[in-house]
Every structure is written in C-alpha cells, then in structure tokens.
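Q: requesting a structural model of the entry that follows:
(one chain, ligands or ions: 1)
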Amino acid sequence: MKDDTALDRLQSLAPLGETFGATRVEAQARRTFVRELFDQVAPRYDLMNDLMSFGLHRLWKQAAVAAAAATPGAATGTIVDLAGGTGDLSLALRKRLPQARIVLADASPGMVAVAEARAQGKIECKVAEGEHMPFETASVDAVMLSFGLRNMTDPPAAIREVFRVLKPGGRLVLLEFSKPAAWFAPLYNIFSRFVIPALGALVSGNRGAYRYLVDSIRLFPDAQSITRELTAAGFDRVTLRRFVFGVAALHVAEIAE
Ligand SMILES: C[S@@+](CC[C@H](N)C(=O)[O-])C[C@H]1O[C@@H](n2cnc3c(N)ncnc32)[C@H](O)[C@@H]1O
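A: Model (predicted):
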C-alpha cells in the first residue's frame with residue numbers, strides 16, 4: 001500500500017537533489033545545469049554511450065524494454081519513457097508493441113529534438129519534467145526510467161509522480177548505474193575517473209559533463225537501498241537484476257492491483 005511518508009522521504013535519493021556532481025547547489029541551479037548539460041551533449045549522446053559502455057548499454061536497455069513490454073495491459077496501453085533522452089528505449093519498445101501509445105518525456109529540448117528527428121512520428125515526444133508529469137492520475141501502464149532518476153531535480157518527487165500516474169498493476173522499470181562488486185570497483189573507478197571524462201572531452205567537447213556523470217553515479221545509492229525504499233514507499237514485488245558485476249541495475253517495481 002502507498003505510504004506517503006516513505007514516498008516523501010526516499011532517504012537515499014533525497015540528497016542528490018542538492019548537488020550538481022560533487023558540488024552542492026540549490027535545486028533551481030541544479031535544474032538549469034542539468035538541462036543545459038543535456039542540451040549541449042545531445043548530438044553526441046548516443047555515440048558516447050556506445051563508447052563508454054562498449055555497447056553494453058544496448059543490452060541493458062533491451063532488458064528494460066522487455067520488462068516494460070511484459071506489463072499486463074501494455075500492448076494496447078500507455079507507456080511513458082521518462083527522461084527518455086534520444087529515444088532508443090521508446091523506439092525499441094515500438095518494435096515490440098505496435099499498438100501501444102508510447103510517450104517520451106524529457107526535460108531537455110535538445111534531447112527531445114534528437115528523439116523527434118529519429119522517431120519520425122513513431123512515438124509521441126514531449127518536453128516535460130519527471131517531477132510534474134503531464135498525465136492523468138492512474139492513466140499509465142508502465143514508466144521506463146533509464147539512467148534518468150539520478151539526473152532529476154528532485155528524485156523523490158519524480159518517484160511520487162510515477163506512483164501517481166501508474167494504474168493499479170502498473171510497473172516502474174528503473175535502469176540506473178549502481179555500485180560494482182568490491183573486487184571490480186578499483187578497475188571501474190580508474191575507468192570512470194580518467195577514461196570517461198577524457199572520452200567526453202574528445203567526443204562531445206565537454207569534459208565537465210562527463211565528470212558530472214561520474215560524480216552523480218558515485219552519489220547514487222546502491223541497488224539494495226533502492227529496492228528497500230521502493231518497497232517501503234508502497235511498490236509491490238520489487239525485483240532487481242544486476243549487470244556487469246553491479247555496474248548497472250534494473251529494478252522492476254509494481255503497483256498492487
Ligand atoms: C543520461 S540521460 C538518459 C537518456 C535515456 N533514457 C537513456 O537511457 O539513454 C538522462 C536524461 O534525463 C533527462 N532529465 C534530466 N532531468 C530531468 C527531469 N527533471 N525530468 C525529465 N527528464 C530529465 C535529461 O534531459 C536526459 O535526457
């Protein structure tokens with residue numbers, strides 16, 4: 001059952017809303033910085049994802065899309081790709097569910113413009129924020145949120161909104177970076193501290209954006225905390241699947257019927 005107090009708290013996520021990478025900032029400044037960052041990297045965003053993850057993000061996203069497609073009612077229902085970026089999940093979902101209403105919602109006009117050009121009308125695209133979603137209460141079958149929660153201005157508010165818009169039996173499919181296993185962490189830390197910002201500088205001309213990425217991943221809670229807090233907040237049957245020794249994690253959280 002929904003627990004508003006636990007939804008309000010989502011303790012491990014709340015501190016993210018006061019940071020921009022390693023720097024403490026006001027919420028409004030965070031909102032502006034994050035939006036400008038994604039507007040700026042949008043043209044090279046997909047290429048950078050392939051380079052940084054050696055293409056593995058495609059497999060992780062396929063698993064997320066499969067989980068969303070398997071939601072009861074999704075085949076002819078409404079699925080929101082929140083923080084949908086350049087639209088790769090939405091377009092993969094369209095191939096699986098030709099009849100569904102698929103809506104990509106993202107705060108960055110630059111990212112939405114890339115998605116729109118790529119989608120050519122196959123999905124709906126909206127500039128919208130996770131904290132105030134333009135959907136009726138209990139009107140959505142599934143929300144996919146892939147590598148987006150970490151970037152929200154107010155991550156607990158976004159989860160509250162997801163809870164509001166989902167129908168009974170609906171699903172949140174949450175894909176995020178996580179904490180790798182202890183033995184793998186030193187190697188991963190070297191890669192993320194040195195290689196990712198250097199790649200970012202080379203490919204997108206923006207070292208700062210990719211330093212933000214690495215810092216925001218470091219601040220993001222581990223997968224068990226996310227599972228615990230989603231369960232405490234009232235989501236039912238929260239499942240967890242880890243990828244590459246815990247580098248990324250896929251949560252599927254259902255709303256009780
Ligand atoms: C790392 S990208 C993820 C894009 C895509 N979902 C993927 O998996 O590749 C994060 C996205 O979150 C979006 N974003 C940031 N803050 C947001 C907010 N408050 N509401 C909606 N989208 C937001 C950004 O504009 C960006 O497109």
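Q: please name the nearest non-neighbouring residue to the residue in the stretch 1-150 of the chain that the ligand sits nearest to.
A: Nearest residue of the stretch 1-150 of the chain to the ligand (CB to the nearest ligand atom) works out as residue 85 at 2.5 Å. In short, each C-beta sits where N, CA and C put it, glycine included. Setting aside the residues directly before and after it, residue 85 is nearest to residue 111 in space (CB to CB, 6 or more residues apart in numbering), at 4.9 Å.
Q: that neighbour: how many residues sit nearby?
A: Residue 111: 25 surrounding residues under other CB atoms under 10 Å.
Q: so it, which state does it fall into?
A: Three-state call for residue 111 (DSSP: H, G, I helix; E, B strand; the rest coil): helix.
Q: surely it is in contact with residue 86?
A: Yes - look at residue 111 against residue 86 with CB atoms under 8 Å: they come within range, at 5.9 Å.
Q: now residue 37: phi and psi?
A: Here is the backbone geometry of residue 37 (degrees, to the nearest 10): phi -60, psi -50.
Q: once you drop chain neighbours, what's closest to residue 131?
A: Closest to residue 131 by CB to CB, 6+ apart is residue 157, at 4.3 Å.
Q: in terms of helices and strands, where is residue 141?
A: strand 140-146 (DSSP states H and E).
Q: what are the buried residues along that strand?
A: 140, 141, 142, 143, 144, 145, 146 (16 or more other CB atoms under 10 Å).
Q: can you list the strands that that strand pairs with?
A: The pairing partners recorded for strand 140-146 under DSSP bridges are strand 78-82 (parallel), strand 166-177 (parallel).
Q: name the residues that touch the strand or helix carrying residue 31?
A: Secondary-structure element containing residue 31, defined by DSSP H and E: helix 27-41. Here helix 27-41 makes contact (CB atoms under 8 Å, 6 or more residues apart in numbering) with 17-20, 25, 45, 48, 85, 106-111, 151, 153-154, 200, 204, 206, 208-209, 212.
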